[in-house]
Structure formats: C-alpha cells, structure tokens
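Chemist: task: produce atomic coordinates for the following.
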Amino acid sequence: MSDLDHAELSIIGSLLLSQGRVLDELEFDPADYTQPVYEKIHRAAMTMKTAGQPVDMVTLAGHLKSIGEHVDPALLPKAMETTPTVANVGHYANIVTQAAIARRLMVAGQKIHQLAQTNGGSPEVVEEARKTLDDASAKETSAPVTFLAETLEETIDLLESDVRAILTPWPQMNHLITGLQPGAVYVVGARPAVGKSVVAVQLAQAMLHHGSVAFISLEMSRNDLNLRIMANELKIPMNKFMERSLDDADWKKIATWTHAQTTRPLAVLDRPSSSITEIKRFIRSTHRRKPLAGIVVDYLQLMSQPNGDRRPRHEFVSDMSRELKILAMEYNVPVIVLSQLNRNSTNRTDALPQMSDLRESGSIEQDADVVMLLHREPYGKASVDMKIAIAKNRRGRTGAIELVFQGHFSNAHDPEVTK
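Modeler: Residues are numbered from 1 along each chain as shown. Model prediction:
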C-alpha cells in the first residue's frame, strides 16, 4: 500500500474511530480522494453528523446501503485497523490534499497547452492560463463558525494596535477618513480639468512609502505622469518642462532626484485601450515584483469594452466598478478610482458636484467605500482653491476640506502648509 493509499484509508478510519468527531475540526475536501468510494463514505459520514446521527462502522454501513451506495463490507473494518491514531488525521488529510493539488496542476497544464494551441498567446489567453493555475493550486475551505465571545479578544487586540491606514498628504482629509484603508475603494469624481489627476498622483506618492503602486493611466502617458511627479516634488513649474526651458539649477535638482528613484516601486500602465484583463495582468505582475500598497485607475470611464461586448456602456462601467472592488479585497489594498462627472452640476446654482453626478453608473457610488467630489471655482473668481467634499464615507464621517491648488506644481496642499 502506497503512502497516499494509507493516508486516504486512515482518514476514513479516523472518522470511524472518533465516531465522526474529527469532522468538526477537519478542513478537508472529500473531492481530493483518489478513490471515489472514499469520497462517498466521507460525504455520507458528513451527512449523518449534520443530522445528529451517530457515526460508527454499523450505522455508516447501514446509511450507505439505504442510499444505494454499495461498498465492500470489509472496507470499513480495514480502515479502522489501518489507522495508527486519530490524532494524526490532519497530517493524513494534508498528504491527500497535496496529491490532489498536484493532479489538478497536471490537468491545468493540459488545459493551458490546449488554450495556447487553439488561441495563441493573446493577453486573454495568458490571463486565463494564470487564472487556471491559481484555481488549480487554491484549496477552498469552509470558514469555521465562531461566536461573538470567541472573537472579542481579537477585536480588542485590533483596538490596541496601530492603525493600518495609509495617510493622505492632507491632514484635514485624514481627520475625516482616517487615511486609505486596505481593501477599500476610493472614488475621486470631478469634471474635466478640475484636478483629478493631481489628487491621484499625490495619493500614489503617499502609498509608495508602503509598497508598490500599480498606476493604470488611461489618459496620461508614462512621461506625463513622471513629469507631474517631478513638478510636485522638485517644485519646478510644469510649463518649464513643457517649454524645455529648464535652467542649470533645475537640471541639478532633477539629477539628484533621479538618482534617488532607483528603488521607488511605481509601475505605470499607459495603454489607453486597456481592457480589464490587461489591467488585472498588470496588477498581478506588479504585485509579484513587489507587494502592492495600492492601485490607481485614471479613469474609470476610459476602460475599454472588449470586442463583441454589446452591453450598454453604463452596464459595462458598473461591472468594471465591481471588478475594482474585488481587486481591492483580493490584494487587501486601497484602490483609487478616478471618475468623470456628468454636466448636471454645471446647471445648478452653486455648481457643486453631487454623488448623483457620477457619470454612466449608479453602481460606482454603491461599490465605493469613500466618494470624494472635487470642485474649483473658475479662474477670475475670488478663489481658485480646490474643495473636496467627502460625500460618502462607509467607515466614518462626511464633510469637506479646502486645499490650496497649485496646478503649475501638480499639487494641492493644506492652507497652513508653506511651500
């Protein structure tokens, strides 16, 4: 008898010797057995345990017979005799699980081979291949049932620990939303040319202190983004970059700054027609190179619909909004999503944006944990400073903050900050 056969039979033996008690703690998928008869026996024992029936050699054999499953009468006694000890059932289960994963990986390899032969090496095929491998190696387990009293200690420990949120560049904002939380989606909505990208760049810079950032720039090129960051951090006006009018002092700043960027893990995807498949692949690749601290998408309505997708645009944008929420939960990082606003706000007396102005999808505000709405008075008015309204905050208060907007430095900062 091989080690795998012995381990499988010992799991069945442990079920019988413990009268089914090991089922309360055992995290094991019966589909992982190589022998179908073992899976039938295991599932029958689970059914009996759930129904409150005793599980032993006699009752289990009777149950199997009653449901029309024919099992060799010598199998159950053999399983009990073969089992060295019930205490090692977790070890037996691990042996069987690892063997099952190996089998699934071999099947996945065959599927990937067929995909490549049929559809070539398109981005969709590569992403499907990665997903196939991930699914093959994943082991789904049921979450244990815990009651309130059993989880309170963990909650108290959480209260005594440091806040895991990433602080934004603006103290006023941190006071309202307590920074950027892992697994949360932050929607930044504004009309064109108000400053969405400025806010996105500054939030990305804040997250870079904690890991890599995947920046999906569907509107700006990689060079444009680099120049914005340089203008922000070096305080060199953007027009000097655009007009190529940099002086010696500017070049000295740039040289020193560039030398310090060798370990800065900002990854930029700047393909305007990127699909969700390409975006997921890019995020996955960034995370593999260095664990993610956050994701930025600039901006939601520019995400491309796949060829042949005939859904109305608002349905597609709704799906993309949900996909981004799933990514936030999967990688446990904040996701910053820029969103265009429709023209409704311009028709109101105060011209201030509202959540209902989010363009093309009502699901954006549903999926978001925090919605930030940007507003600036037109040039020529008394103020050109930026206002950010926290219109939704799932974890705290709403409110508004006012910032000094310096578009020439690609920067917005608190009024009390001296530049």
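Chemist: for the stretch 101-250 of the chain, what are the low-confidence residue spans?
Modeler: 135-146, 162-163 (pLDDT under 70).
Chemist: try it again at 90.
Modeler: 101-165, 169-172, 174-175, 178, 189-201, 205, 209, 217-243, 245-247, 250 (pLDDT under 90).
Chemist: hang on, isn't residue 56 packed against residue 19?
Modeler: Yes: using CB atoms under 8 Å, residue 56 is in contact with residue 19, at 5.7 Å. Every C-beta, even on glycine, is put in place using the N, C-alpha and C of the backbone.
Chemist: pick out whichever of those two has more residues nearby.
Modeler: Of the pair residue 56 and residue 19, residue 56 is the one with more neighbours under other CB atoms under 10 Å, namely 19 against 16.
Chemist: residues contacting the more buried one?
Modeler: Residues counted as contacts of residue 56 (CB atoms under 8 Å, 6 or more residues apart in numbering) are 16, 19.
Chemist: show me where the stretch 51-200 of the chain has its helices.
Modeler: With DSSP state H, counting those that start in this stretch, the ranges of helices along the stretch 51-200 of the chain come out as 57-66, 75-82, 89-119, 123-137, 148-160, 171-177, 196-207.
Chemist: neighbouring strands - and their directions - for the next helix or strand after the last one?
Modeler: Using DSSP states H and E, the helix or strand that follows helix 196-207 towards the C-terminus is strand 212-217. Using DSSP bridges, strand 212-217 pairs in its sheet with strand 266-269 (parallel), strand 292-298 (parallel).
Chemist: run through the neighbouring helices and strands of whatever helix or strand comes next after strand 212-217.
Modeler: Sequence-wise, the next helix or strand downstream of strand 212-217 (DSSP H and E) is helix 222-234. Other helices and strands packing on helix 222-234, by 3 or more CB pairs under 8 Å, 6 or more residues apart in numbering; DSSP states H and E, are helix 196-207, strand 212-217, helix 238-242, helix 248-259, strand 266-269.
Chemist: how about helix 222-234: buried residues?
Modeler: 224-233 (16 or more other CB atoms under 10 Å).
Chemist: what does stretch 386-394 rub up against?
Modeler: Defining contact as CB under 8 Å, 6+ apart, one finds that stretch 386-394 is touched by 173, 176-177, 184, 194-195, 199, 352-355, 365, 368-376, 397-405, 412.
Chemist: A helix includes residue 273, no?
Modeler: No: remark: residue 273 does not belong to a helix; assigned using DSSP: H, G, I helix; E, B strand; the rest coil, it is coil.
Chemist: just checking, it touches residue 279?
Modeler: No: here residue 273 lies out of contact with residue 279, judged by CB under 8 Å, at a distance of 11.2 Å.
Chemist: the two: which has the busier surroundings?
Modeler: Using other CB under 10 Å as the criterion, residue 273 and residue 279 rank with residue 279 on top: 24 against 10.
Chemist: who does the host helix or strand of the more buried one touch, helix- and strand-wise?
Modeler: Element membership for residue 279 (DSSP H and E) is helix 276-289. Judged by 3+ CB pairs under 8 Å, 6+ apart, the packing partners of helix 276-289 are helix 123-137, strand 212-217, strand 266-269, strand 292-298, helix 313-331.
Chemist: got the contact list for the last one?
Modeler: Going back to what we said before, that points to helix 313-331. Contacts of helix 313-331 (CB under 8 Å, 6+ apart): 183-185, 276, 280, 283, 287, 292, 295, 297, 300-301, 303, 305, 309, 311, 334-335, 337, 360-364, 367-368.
Chemist: neighbours around residue 325, how many?
Modeler: For residue 325, the tally of surrounding residues (other CB under 10 Å) stands at 20.
Chemist: try residue 298
Modeler: When neighbours are counted by other CB under 10 Å, residue 298 registers 24.
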